[in-house]
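**Student:** below are the sequence and a predicted model; questions follow.
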Amino acid sequence: MRRDGFGFNAELGFDCLEMTPEATLYSVPGVAVLIANVPIEFPSGQHSHAEYEFVAPLSQDMTATLEGQPIILRKRQLRAFNPWQKHGVMSAAKVGKFFGIMCESAFLEELAMETFGQSEVIFSNAEFAFSNKMLLLLSLLVDESIAKPTGYETNQQHLVSMLMTEIIRCSENNISDSMATNAETAGINRALGFIESHFMHTFSVETLADEAGLSLSHFIRAFKLHTGKTPHTYLMNYRIERATEKLQDKKLRITDIALACGFSNPGHFTTVFKRTMGITPSEYRKALL
């Protein structure tokens, strides 16, 4: 059977939750994990609380409300609720198998600061799928709780911290958005550094995208957003800037400057220079005298 990188059975993934008794609360300081394998009655109406809550039906979709608006909790999709957000179910009903987490705000904020360097966590309320890593952590949590080997309480605390970290990574929230933006900015900066170091050579936009660690289409969009220019225009402008510096040295021939700045021939250099500066390289040099 197919297994993922953790050695976890990806086809039978949710079977790990069958290990738990009918409805069991796995509680450690700051976090309570409920895995229910029997229908549980949910009263109608909305409520709110100071904790973060995460809910995922496991056997059927579930109609719920968020801030008075109807939403669907889809089977095997996790939904996050922020502290004091009003949520509940449309009408009283028995819900089959489901999984839920209640996490104290202070616990998640401390974890986020230690792990991501940012304490405030705000989830977008968008649903997201269980990752195989989450399921592996859950299965280990259940196993520790059933077997109760020496040190299981410590292991449970570590497993829950890892589970909450994985939830932050896999969901839409201000921290993951910030991380994505920071990674994108770092990638663009690497590409800019590559241009500055290799502007005299010929290279493709694909090379720049690889340097940035982004897909080609993502790189082109991000580069334009960060610099206001396409990669090609930015490169041409950078080459012209370097050329204007070299033109101040009257001992250098314009042909040599063109080649030194990455242009294939003097004609191409003159065309790009005039388009950018409004005058030819020769006219620019004369204006410096």
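**Tutor:** Right, received. Where do you want to start?
**Student:** list the buried residues of stretch 265-283.
**Tutor:** Pro266, Phe269, Thr270, Val272, Phe273, Thr276, Pro281 (16 or more other Cβ atoms under 10 Å). Heads up, the C-betas are built off the backbone N, CA and C, glycines and all.
**Student:** repeat that for stretch 155-164.
**Tutor:** Per 16+ other Cβ under 10 Å, stretch 155-164 contains these buried residues: Asn155, Gln156, Leu159, Val160, Ser161, Met162, Leu163, Met164.
**Student:** just name the closest of those residues to Arg74, please.
**Tutor:** The closest of these to Arg74 turns out to be Leu163 (Cβ to Cβ; 20.3 Å).
**Student:** quick revisit: and the buried residues of stretch 155-164 as JSON lines, adding pLDDT?
**Tutor:** What follows is the buried residues of stretch 155-164, written out as JSON lines (pLDDT from 0 to 100):
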{"residue": "Asn155", "pLDDT": "93"}
{"residue": "Gln156", "pLDDT": "92"}
{"residue": "Leu159", "pLDDT": "94"}
{"residue": "Val160", "pLDDT": "93"}
{"residue": "Ser161", "pLDDT": "94"}
{"residue": "Met162", "pLDDT": "94"}
{"residue": "Leu163", "pLDDT": "94"}
{"residue": "Met164", "pLDDT": "94"}
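**Student:** restricted to helices, list those residues.
**Tutor:** Asn155, Gln156, Leu159, Val160, Ser161, Met162, Leu163, Met164 (DSSP state H).
**Student:** which among those gets closest to Trp84?
**Tutor:** Met164 (18.9 Å).
**Student:** longest single helix anywhere in the chain?
**Tutor:** helix 174-198.
**Student:** re earlier: which pair in the buried residues of stretch 265-283 spans the largest distance?
**Tutor:** Pro266 and Thr276 (15.4 Å).
**Student:** rewinding a little: take the buried residues of stretch 265-283 and write them to CSV, including distance to Glu211, pLDDT and secondary structure.
**Tutor:** Shown next, in CSV, are the buried residues of stretch 265-283 (distance: Cβ to Cβ, whole Å; pLDDT from 0 to 100; DSSP: H, G, I helix; E, B strand; the rest coil):
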residue, distance to Glu211, pLDDT, secondary structure
Pro266, 29, 93, helix
Phe269, 25, 95, helix
Thr270, 30, 95, helix
Val272, 23, 95, helix
Phe273, 27, 95, helix
Thr276, 24, 91, helix
Pro281, 30, 95, helix
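**Student:** CA atoms of stretch 123-138 as PDB?
**Tutor:** Output of stretch 123-138 as PDB, limited to C-alpha atoms (Å, rounded to 0.1, in the frame of the first residue of the first chain):
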ATOM      1  CA  PHE A 123      -7.400  32.300  11.100                       C
ATOM      2  CA  SER A 124      -9.300  33.100   7.900                       C
ATOM      3  CA  ASN A 125     -12.100  30.600   8.700                       C
ATOM      4  CA  ALA A 126     -11.400  28.900   5.400                       C
ATOM      5  CA  GLU A 127     -11.600  25.100   5.600                       C
ATOM      6  CA  PHE A 128      -8.400  23.100   4.900                       C
ATOM      7  CA  ALA A 129      -7.600  19.400   4.500                       C
ATOM      8  CA  PHE A 130      -5.900  17.200   7.100                       C
ATOM      9  CA  SER A 131      -2.300  16.700   6.200                       C
ATOM     10  CA  ASN A 132      -0.800  13.200   6.600                       C
ATOM     11  CA  LYS A 133       1.500  14.700   9.200                       C
ATOM     12  CA  MET A 134      -1.500  15.800  11.300                       C
ATOM     13  CA  LEU A 135      -2.900  12.300  11.100                       C
ATOM     14  CA  LEU A 136       0.400  10.800  12.100                       C
ATOM     15  CA  LEU A 137       0.600  13.200  15.100                       C
ATOM     16  CA  LEU A 138      -3.000  12.300  16.000                       C
END
